[in-house]
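K.L.:
Structure of the sequence below:
(2 chains, ligands or ions: 2)
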Amino acid sequence: MATLHTRTTARFMLSPAVLLLLVWMIVPLGMTLYFSFLRYNLLMPGMEAFAGIENYQFFLTDPAFMDALVNTLLLVGGVLLITVVGGVFLALLIDQPFWGQGIVRLLVISPFFVMPTVSALVWKNMFMHPVNGLFAWVARGFGLAPIDWLASVPLLSIVIIVAWGWLPFATLIILTALQSLDQEQKEAAEMDGAGALSIFAYITLPHLARALTVVVLIETIFLLSVFAEILVTTNGGPGTASTNIPYLIYAQALLQYDIGGASAGGVVAIVLANIVAVFLIRMIGKNLEA
Amino acid sequence: MGAITLDKVTKAFGTMAVIPGVDLEIADGEFVVFVGPSGCGKSTLLRLIAGLEDVTSGAIRIDGSDATRVAPARRRLAMVFQSYALYPHMSVYNNIAFPLKMAGQDKATIRRKVEGAARILNLTDYLERRPGQLSGGQRQRVAIGRAIVREPAAFLFDEPLSNLDAALRVNMRLEISELHQSLKTTMIYVTHDQVEAMTMADKIVVLNAGRIEQVGSPLELYNRPANVFVAGFIGSPKMNLLEGAAAERHGAATIGIRPEHLEVSTGAGGEWSGVVGVVEHLGSDTFLHVQVEGLGPVTARVGGELDIRHGSRVWLTPPPERLHRFGADGQAIRQAA
Ligand SMILES: Nc1ncnc2c1ncn2[C@@H]1O[C@H](COP(=O)(O)OP(=O)(O)O)[C@@H](O)[C@H]1O
Ligand SMILES: [Mg+2]
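P.N.:
Ligands and ions are numbered 1, 2, ... in the order given. As a prediction, this is how the structure comes out:
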């Protein structure tokens, strides 16, 4: 299609952007790698020395690491489950024609525009608070003892808060996919004797496969690095009950001033993220082809 | 069995009456074609019969029993959509098997029926493909296959050939006609193409603005159109419809004469005379577009070999027994026999 000349020109024109992006990525990555092999603590300036793989050993054998790894996976998995199932359900619901559709769609989408810190604080103080929270009030209304959400089920609470923020994203993408489903296909299935459930299982869901793949891939990238919601609610506690890997690295670097250990943790997180990405692409990436 | 009766069926979308009222009898085993211009309500009428739309008033009976409120799947009708509406993520096999699977038939029966249908429709080599990997004509066959495995009381086709190229359309037209010969099941076929209607139908229903203009066999419509609309719609090229003094001379508001019935002569003498404009040579036929003085453009068909050129003067005579006369209301005037 393109001639040799236009291709050369295209490469030439692209190169500044590509170079900038490369530098933007390589420099922090290189520095992180470099720091991860140093004994480097902010409380002891000027004492940096080569430490070999000591930082990695320290980070990986820390009992908090396994907890954080499991928490990270639970957090990602839980939010994905809620947003995908809930997103499909909500999208099916608001795809039906009803009065006030425009307003409802706008409202459904709005949580996506609320900053994570703000939404987490609102959840913490207005919903999950054991004294002032709405949930506690409802529980008392039924004569039950209110639950102190963030203290007794911290990880679940964070999953709920994060899922609330991501549900609109999933709903929106699934809704657009639903609207591109050919109505005649549904009518054909209806004439072929398929009931509402069969139409959903055999026609709608396969049609949504690609959209769901996009939702899962994009959300996973962002959910692996959830941080703000934890910082403003539980601070990773009690203990390590709601610490994920990003929060563990933060604690290492800025609460213990151990730059070397935190850098090693950062490198481990990059490796883990890539493992997850490879798994995901293997499992569901084929939906994106053709 | 597949006799279908429409009894004063009407359909309105909001305040817009799309079908103001239709009465129609379709006998078992008939091939009925609904024909009419785009937007006249053909698809709507077919969807009412299928049950995909609810009638506003009136009743639909299938084999004598009232089906007006029966769900589409339970009317025992199969539909072939204009867009084919194949299931894109299923193989051809699974597409054809889908209605059987929904009916809860066992695997062996499904396999036997799907393979039988595939054999009839020349799809045996394509059963494992996805619809996206098939040509237009093959997709059409899959859609038909999905319809025939259900062994329905009647088939409904909505402009099934409009997405195919001209050559393929002629082939598929034949195949559908042959299918009707071998299955002997009622078929209702919707098209805007009067050639399809004329070549395939046992009975043609001409629709205009949601109303039935005339029902009859192809030759009845051709020879005895009930009104100006049918006269102009059926037949290719179109019947010449003339108004004014020439029509009054025959005691009608409008007269019609088909191009193939006009007598053409190049020597002096004839009812009308005019100058030839465009000449279309098709080999077997030649069509003359003649500008007749005091009448306007008239089309005439002559044999293939006649040497008439642009600018020649010709004389045209309509034989009285071939002349169609219509009153001011557009209805045909029939002589008392
Ligand atoms: N779902 C609908 N809502 C409103 N108007 C419709 C709907 N379906 C069809 N119509 C109208 O009904 C008329 C007939 O449509 P249709 O039956 O599709 O015509 P045809 O198939 O003869 O081309 C058109 O004017 C169309 O705009
Ligand atoms: Mg139509």
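K.L.:
Can you list the buried residues in stretch A:253-265?
P.N.:
A:Ala253, A:Asp258, A:Ile259, A:Gly260, A:Gly261, A:Ala262, A:Ser263, A:Ala264, A:Gly265 (16 or more other C-beta atoms under 10 Å in any protein chain shown). In this view, the C-beta of every residue, glycine as well, is placed from N, C-alpha and C.
K.L.:
And those residues, which is closest to chain B?
P.N.:
Nearest to chain B among the buried residues of stretch A:253-265 is A:Gly265, at 42.7 Å by C-beta to the nearest C-beta.
K.L.:
Leaving out chain neighbours, which residue sits closest to the closest one?
P.N.:
The spatially closest residue to A:Gly265, leaving aside those adjacent along the chain, is A:Ile249, at 4.1 Å (C-beta to C-beta, 6 or more residues apart in numbering or on different chains).
K.L.:
shouldn't the one you found be in contact with A:Ile259?
P.N.:
No: taking contacts as C-beta atoms under 8 Å, A:Ile249 lies outside contact range of A:Ile259: 10.7 Å.
K.L.:
what's the neighbour count on B:Asp125?
P.N.:
9 (other C-beta atoms under 10 Å in any protein chain shown).
K.L.:
got it, and the one 3 residues further on?
P.N.:
By other C-beta under 10 Å, 10 other residues sit near B:Glu128.
K.L.:
Checking it next. Helix, strand or coil?
P.N.:
coil (DSSP: H, G, I helix; E, B strand; the rest coil).
K.L.:
Now go through the buried residues of stretch A:253-265 and say which are in helices.
P.N.:
Among those, the ones falling in helices (DSSP state H) are A:Ile259, A:Gly260, A:Gly261, A:Ala262, A:Ser263, A:Ala264, A:Gly265.
K.L.:
if I look at the first one, how far off is A:Pro45?
P.N.:
It refers to A:Ile259. A:Ile259 is 11 Å from A:Pro45, where distance means C-beta to C-beta, to the nearest Å.
K.L.:
Which helix or strand contains B:Val33?
P.N.:
Using DSSP states H and E, B:Val33 sits within strand B:31-35.
K.L.:
any chance of the ones in helices among the buried residues of stretch A:253-265 in JSON lines, plus distance to B:His89?
P.N.:
JSON lines is the format used below for these (distance: C-beta to C-beta, whole Å):
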{"residue": "A:Ile259", "distance to B:His89": "51"}
{"residue": "A:Gly260", "distance to B:His89": "51"}
{"residue": "A:Gly261", "distance to B:His89": "49"}
{"residue": "A:Ala262", "distance to B:His89": "46"}
{"residue": "A:Ser263", "distance to B:His89": "46"}
{"residue": "A:Ala264", "distance to B:His89": "45"}
{"residue": "A:Gly265", "distance to B:His89": "43"}
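K.L.:
Would you format those residues as TSV with pLDDT included?
P.N.:
Listed next are these as TSV, based on pLDDT from 0 to 100:
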residue	pLDDT
A:Ile259	85
A:Gly260	86
A:Gly261	84
A:Ala262	87
A:Ser263	89
A:Ala264	88
A:Gly265	88
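K.L.:
give me every residue that touches the closest residue to A:Val114 other than its chain neighbours.
P.N.:
The shortest distance from A:Val114 to any non-neighbouring residue, by C-beta to C-beta, 6+ apart, is to A:Gly165 (6.9 Å). Residues near A:Gly165 by C-beta atoms under 8 Å, 6 or more residues apart in numbering or on different chains: A:Pro111, A:Phe112, A:Val114, A:Pro116, A:Ser119.
K.L.:
per-residue confidence at the second one?
P.N.:
Spelled out, it's A:Phe112. Note on A:Phe112: pLDDT of 82.
K.L.:
now the residue lying closest to B:Gly267 once chain neighbours are set aside, what's its secondary structure?
P.N.:
Sequence neighbours aside, B:Trp315 is the residue nearest to B:Gly267 in space, at 7.5 Å (criterion: C-beta to C-beta, 6+ apart). Secondary structure, three-state DSSP: B:Trp315 is strand.
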